[in-house]
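S.K.: Structure for this input, please:
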Amino acid sequence: MGVRPPSVDALARSRADSHLPHPLLVEAARSAIADGAHEQFDAYVERVERRLLSRVINATGVLLHTNMGRAPLATNRNAGYTNLELDLDTGARGSRQERAGLLLAKACGAEAAIVVNNCASAVMLGLAAVAKGSGVPVSRGELVEIGGGFRVPEVLEQSGCRLVEVGTTNRTRLADFERAIAENQDIAAVLKVHPSNYRIEGFQQSVGVKALSTLGVPLIVDLGSGLLDEACPWLEGGRPGWLLDEPAVRQTLDQGADLVMFSGDKLLGGPQSGIIAGRAEMVERCARHPLMRTFRPGDLVIGALQDVALAYLRRDGDAIPFWAMATIPQPVLSRRAEAIVAASGIGMVVDSEATPGGGSLPTATIASAAIEIAGDHSTELRDHTTPIIARVHEGRTLLDLRTIDPADDAIITSALAASRLEGLA
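M.R.: Predicted structure coming up:
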């Protein structure tokens, strides 16, 4: 007769030292016993722990990695209340949009701005407030699919607008929009979408914001990536070359856009959110729309965005982790990589190319440095106490220093020196 397994409760209590609450330990114990593997209970507990949100080290070289939360952002806040919707001067109810929204409007030169929970909801809200029940022309070359399989035509449809496709995939002219407006009496706005996650090259033509602003109907622009100002005045060296020709919010508004939507967690360097900026009257229409209550963020997001907006207004790019990481000189990264290799005795330093990521600047690369190790060791590195997410290229593991915080170099050194990687070069 086989050994009888322990009770679920006894097995769960055997790991009372775990930070997991008892109900989760019970769930793990039931699974282990059902599988006839109660002696491997620790592995089941670890599996539950790894399903929880936890910190990882991004060594992929992709700065805005969607799977790892896009822009890195530090938030330090003690428990307590805030004046989220409280006017401290009058004691009456205030508006949460007077916080980060007001500051971001100043930072990008808009008359007004409001914050919602992501860029897709910003586009949906803007279209619903300005053009619900009406036609909206969009270039066929800009009917993009964004992350997670969501598509611009679907977002437009859910906003209650009617899509009017104009031009072709590779060429759209101003005359195409003029014809659409002439042939459809219900056109209420024009939507321009920045194809931030792909590029069409060769025989192609698109219509710029300045030309579209002459059509006599409101112009809504989905910029997506969230570059505030093409001059990058928050960076000591000005606009970096890897930004290529990425359009910016301030200049898009200057060229005649009525509303501009962009993400908070991409090139802006903030938390996941969407911003609607532009003409005060149109922004107010969005703020009053019933969908706004569905899309509005809470005080944690608004507080984090407020800190980011204040850094932009101070022109302090180093206070925004994304920009601080993106602009470290490549020789500094090489020296850090060399120190890690020397201390761990593992790997070699190679030149690398990091990327902005997050569906932004698909052809852009940033000079970087990486530690290269023979073979695929991505699983071992993910299994480290602090998971390290590396990339594997042509049978070699690369740890790109561009996306590794200098404070984590010691963790990388320890992981490489671990017994499972000894002797590798």
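S.K.: Would you mind splitting this protein into its domains for me?
M.R.: 8-50, 57-72+328-421, 96-317 (automatic domain parsing).
S.K.: how about the ones you listed in a markdown table, adding distance to Thr90 and mean pLDDT?
M.R.: C-beta: built from backbone N, CA, C; applies to glycine. Formatted as a markdown table, the domains of the chain follow (distance: least, Cβ to Cβ, whole Å; pLDDT from 0 to 100):
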| stretch | distance to Thr90 | mean pLDDT |
| --- | --- | --- |
| domain 8-50 | 44 | 90 |
| domain 57-72+328-421 | 35 | 93 |
| domain 96-317 | 13 | 92 |
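S.K.: any chance of these in TSV, with mean neighbour count too?
M.R.: Shown next, in TSV, are the domains of the chain (neighbours: other Cβ atoms under 10 Å):
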stretch	mean neighbour count
domain 8-50	15
domain 57-72+328-421	18
domain 96-317	19
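S.K.: What separation do you get for His38 and Arg30?
M.R.: 10 Å (Cβ to Cβ, to the nearest Å).
S.K.: actually Leu243, not the one I wrote
M.R.: 53 Å.
S.K.: for the nearest residue to His289 once chain neighbours are set aside, what are its contacts?
M.R.: Nearest residue to His289 in three dimensions, chain neighbours excluded: Ala129, at 4.4 Å (Cβ to Cβ, 6 or more residues apart in numbering). Counting by Cβ atoms under 8 Å, 6 or more residues apart in numbering, Ala129 touches Met282, Arg285, Cys286, Arg288, His289, Leu291.
S.K.: Recalculate using a threshold of 7 Å.
M.R.: Applying Cβ atoms under 7 Å, 6 or more residues apart in numbering to Ala129 gives the contacts Arg285, Cys286, His289.
S.K.: List of residues touching stretch 384-404?
M.R.: Stretch 384-404 is contacted from outside by 55-63, 68, 325, 333, 336-337, 352, 354, 366, 368-378, 381-382, 411-412, 415, using Cβ under 7 Å, 6+ apart.
S.K.: do you know which of the domains of the chain lies nearest Ala79?
M.R.: domain 96-317 (11.9 Å; Cβ to Cβ).
S.K.: quick revisit: could you dump the domains of the chain to a markdown table with distance to Asn78?
M.R.: Output for the domains of the chain, formatted as a markdown table (distance: least, Cβ to Cβ, whole Å):
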| stretch | distance to Asn78 |
| --- | --- |
| domain 8-50 | 21 |
| domain 57-72+328-421 | 21 |
| domain 96-317 | 12 |
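S.K.: Show me what Ile114 is bridged to.
M.R.: In this structure, Ile114 bridges to Ile276 when assessed by DSSP bridges.
S.K.: so it sits right up against Ile276, yeah?
M.R.: Yes: counting by Cβ atoms under 7 Å, Ile276 is a contact partner of Ile114 at 5.2 Å.
S.K.: Would you check that Phe41 makes contact with Ala32?
M.R.: Yes: between Phe41 and Ala32 there is a contact under Cβ under 7 Å: 4.8 Å.
S.K.: if I look at those two, which residues touch both of them?
M.R.: Leu11.
S.K.: mind exporting stretch 80-95 as PDB, just the C-alpha atoms?
M.R.: The C-alpha trace of stretch 80-95 is given here as PDB (Å, rounded to 0.1, in the frame of the first residue of the first chain):
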ATOM      1  CA  GLY A  80      -3.500  58.700   2.700                       C
ATOM      2  CA  TYR A  81      -6.000  60.900   1.000                       C
ATOM      3  CA  THR A  82      -5.500  63.400  -1.900                       C
ATOM      4  CA  ASN A  83      -7.300  66.400  -3.200                       C
ATOM      5  CA  LEU A  84      -8.200  64.400  -6.300                       C
ATOM      6  CA  GLU A  85     -11.600  66.100  -6.800                       C
ATOM      7  CA  LEU A  86     -11.400  68.700  -4.000                       C
ATOM      8  CA  ASP A  87     -10.900  72.400  -4.500                       C
ATOM      9  CA  LEU A  88      -8.700  73.500  -1.600                       C
ATOM     10  CA  ASP A  89      -9.600  77.100  -2.000                       C
ATOM     11  CA  THR A  90     -13.300  76.800  -1.800                       C
ATOM     12  CA  GLY A  91     -13.700  73.400  -0.100                       C
ATOM     13  CA  ALA A  92     -16.100  72.400  -2.900                       C
ATOM     14  CA  ARG A  93     -15.900  69.600  -5.300                       C
ATOM     15  CA  GLY A  94     -13.100  70.100  -7.900                       C
ATOM     16  CA  SER A  95     -12.000  68.400 -11.100                       C
END
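S.K.: quick one: that stretch to chain centroid distance?
M.R.: Its chain's C-alpha centre and that of stretch 80-95 lie 29 Å apart, by Cα atoms, centre = their mean, to the nearest Å.
S.K.: So what's the model's average confidence on it?
M.R.: The average pLDDT for stretch 80-95 rounds to 88.
S.K.: Can you give me every residue that contacts Ala304?
M.R.: Applying Cβ under 7 Å, 6+ apart, one finds that Ala304 lies in contact with Leu73, Thr75, Gly270, Pro271.
S.K.: Next up, phi/psi of it, please.
M.R.: Main-chain torsions, Ala304, degrees, to the nearest 10: phi -70, psi -40.
S.K.: Look up how far Tyr81 lies from it.
M.R.: 17 Å.
S.K.: same question, Ala105
M.R.: Counting by Cβ to Cβ, the gap between Ala105 and Tyr81 amounts to 26 Å.
S.K.: Kindly report the same for Met124.
M.R.: Per Cβ to Cβ, Met124 is found 31 Å from Tyr81.
S.K.: Could I get the full set of strands for the stretch 1-150 of the chain?
M.R.: For the stretch 1-150 of the chain, the strands defined by DSSP state E, counting those that start in this stretch cover 57-58, 62-64, 112-116, 135-139.
S.K.: What segments of the stretch 251-400 of the chain are strands?
M.R.: Along the stretch 251-400 of the chain, the segments classed as strands by DSSP E, counting those that start in this stretch run 259-263, 274-278, 348-357, 366-374, 388-389, 391-393, 396-400.
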